[in-house]
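Engineer: here is a sequence together with a model predicted from it:
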Amino acid sequence: MVQRRQFIGRSAALAAAPVLATTAALWATPVQAQEVVRIIVGYPPGGATDRVARIVGDKLQAEIGASVIVENKVGAGGRVAAQYVKNAPASQPMLMLANPAVMVVAPLVVGDLGYDADKDFVPVSEVNSYVFGVAVSSAVPVKEMQHLLAWLKANPAKANIGVPATGSLPHFFALMLGQQAGVQAEAVGYKGSSPLLTDLMGGQVPVAVDTLDTLVQQHNAGKLRILAVSGDARNAAVPQVPTLKEAGVNLAAAGWNTFFAPKTMPAAQVQRYADAIQKVMKDPEVHKQFAANYLDPVVSNRAQTQQRLDAYRKQWAPVIQASGYKP
């Protein structure tokens, strides 16, 4: 009887051995960490580029089945972010959401850039366009664009125009406004839109050029006045505000936010992200969020994004170079 029990015990142990071995193997095999895609933004939280990154990033997670986090690498008008992404290890999935300041302006005016906009990055997808507003603080006694030009000419010592970053398109608009007024305007660069807005409302800087979405809410609240917008047509967010051209200033332009990948990223992976971002930008919920933030959504494939980038560089290179700006 004892022998029979010993035999049964040995048989049960042998039968259980494969199960135990399999279980042990499962515990011994390291679990693959979920893919984490990092979206790098070169500006502080709260600005237009940051908001776009967070809206798109939130929806992108479901499309690619991975965690998406937004990181702000602030400094040098967005160039710190570009340098960071360029030097990131190829094993870390990373996208950069950048605007013309980083990918068009800086390559033309910065000597030791730390990256090559063409050789180190590939365009993935443009996601939005935006126009600029010219605004004044409530302390400045003007209500129309021509009045502002006259005020700047009469007060050249006060011709300080705040911009969200040096070397940005608003920076060049500020210099051009000074030219229109016949004064040597000083573009006062900030580290993003939030501190600029604070100083504009507080009267520390009398005039500002920034993205329209940054200015609209405070304009509606009466804490500042938008005198003109930079688009070819009036903007639905502030339909009573004229374009610069309508106000007698021969300037018009729009900016954009585009996702870029480091050149080291495999082409198939770049295409995967591009396809996913296109789907995100067709989502009605994303359009609602963009509208709530006064942003204009764009659906763009890789070829269209490259074409628009090339055309933008062709348009702005002469303007930037003619300004003589050097950081």
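Structural biologist: Structure received.
Engineer: going by C-alpha atoms from here, please, whenever you check contacts or count neighbours.
Structural biologist: Fine.
Engineer: ranges for the strands of the stretch 151-300 of the chain?
Structural biologist: Listed from the start of the chain, the stretch 151-300 of the chain has strands (DSSP state E, counting those that start in this stretch) covering 160-163, 186-189, 207-211, 224-229, 255-262, 296-297.
Engineer: could you identify which of those strands is most buried?
Structural biologist: Highest mean neighbour count among the strands of the stretch 151-300 of the chain (mean count of other C-alpha atoms under 10 Å): strand 207-211, with a mean of 29.
Engineer: returning to that earlier point: wait, which of the strands of the stretch 151-300 of the chain is closest to residue 113?
Structural biologist: In terms of C-alpha to C-alpha, the element of those nearest to residue 113 is strand 255-262, at 15.8 Å.
Engineer: tell me how far that closest one lies from the chain's centre.
Structural biologist: 7 Å (C-alpha atoms, centre = their mean, to the nearest Å).
Engineer: other SSEs contacting that strand?
Structural biologist: strand 94-98, helix 100, strand 121-130 (3 or more C-alpha pairs under 8 Å, 6 or more residues apart in numbering; DSSP states H and E).
Engineer: partner strands of that strand, parallel or antiparallel?
Structural biologist: According to DSSP bridges, strand 255-262 forms sheet pairs with strand 94-98 (antiparallel), strand 121-130 (antiparallel).
Engineer: now it: mean pLDDT?
Structural biologist: Across strand 255-262, pLDDT averages out at 96.
Engineer: contact partners of it?
Structural biologist: Identification of contacts with strand 255-262 by C-alpha atoms under 8 Å, 6 or more residues apart in numbering yields 49, 85-86, 94-100, 120-131, 169, 270, 305.
Engineer: same thing with stretch 41-48?
Structural biologist: Identification of contacts with stretch 41-48 by C-alpha under 8 Å, 6+ apart yields 49-51, 53, 70-75, 77-82, 96-98, 191-194, 211, 213-214.
Engineer: ok, now with 7 Å
Structural biologist: 50, 71-75, 78-81, 96-98, 192-194 (C-alpha atoms under 7 Å, 6 or more residues apart in numbering).
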